[in-house]
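Peer 1: curious how this folds, go ahead:
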Amino acid sequence: MPTSQRQPTVHFHFLKKDFKLTGRIALRRFIERLFKKEGISLQELHYIFCSDPYLLEINQKHLGHNTYTDIISFDLSEHKGKVTGEIYISTDRVKENAIRFGVSFRKELLRVLFHGALHLCGYKDKKAADMREMRKMEDKYLALFRKNP
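Peer 2: Numbers count the residues shown, from 1 in each chain. The predicted structure is shown next:
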């Protein structure tokens, strides 16, 4: 099937009606390339943009955490090596983190988008060494996206 007719493997869903994601086609293609560069077969990936209260409820219900977070990734893969996943992103948290870190909302959003994808590629971020590696990979893909979206 020609590229223009194939069904996308990356989908964007908006539970927050006031949030708009610009450059979706470029992002979709780049995220697909990220998985290829990581040697991971991407079957299907859904990004769900939501509010703090919505993501807090997911965090409490599924992970037993009573804290706000900017992102939660769920690996729903049925077959090893073929990733299917859902990534929930609180745009409220992304906005606050952008202010806190002194970066643009867009840059912080891209970091979080790539962070979730990297989790599904197997990167962790609970230990200090893992956090450093995750940040290194986020920076790598942010730079690549700036060069060639």
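Peer 1: pLDDT on the helix ranked longest in the chain, on average?
Peer 2: In the chain, with assignment by DSSP state H, the single longest helix is helix 128-147. Averaged across helix 128-147, pLDDT comes to 96.
Peer 1: now it - C-alpha only, CSV.
Peer 2: Taking C-alpha atoms only, helix 128-147 is exported to CSV below (Å, rounded to 0.1, in the frame of the first residue of the first chain):
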residue,chain,number,x,y,z
ALA,A,128,19.2,7.7,38.9
ALA,A,129,21.2,6.0,36.1
ASP,A,130,18.0,5.1,34.3
MET,A,131,16.8,8.7,34.6
ARG,A,132,20.1,10.0,33.1
GLU,A,133,19.8,7.6,30.2
MET,A,134,16.2,8.5,29.6
ARG,A,135,17.0,12.2,29.6
LYS,A,136,19.9,11.6,27.2
MET,A,137,17.5,9.8,24.8
GLU,A,138,14.8,12.5,25.1
ASP,A,139,17.5,15.1,24.3
LYS,A,140,18.6,13.0,21.3
TYR,A,141,15.1,12.8,19.8
LEU,A,142,14.4,16.4,20.6
ALA,A,143,17.5,17.4,18.6
LEU,A,144,16.6,15.0,15.8
PHE,A,145,13.1,16.3,15.6
ARG,A,146,14.3,19.9,15.4
LYS,A,147,16.6,19.0,12.5
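Peer 1: buried residues in it?
Peer 2: 134, 137, 138, 141, 145 (16 or more other C-beta atoms under 10 Å). (Each C-beta comes from the backbone N, C-alpha and C, glycine too.)
Peer 1: just those residues now: which is nearest residue 92?
Peer 2: Of all these, residue 92 sits closest to residue 138, with 20.3 Å by C-beta to C-beta.
Peer 1: for that closest one, give me its contacts.
Peer 2: 111, 114, 115, 118 (C-beta atoms under 8 Å, 6 or more residues apart in numbering).
Peer 1: my guess is the third one contacts residue 133, does it?
Peer 2: No: Residue 115 is beyond contact range of residue 133, at 12.0 Å (criterion: C-beta atoms under 8 Å).
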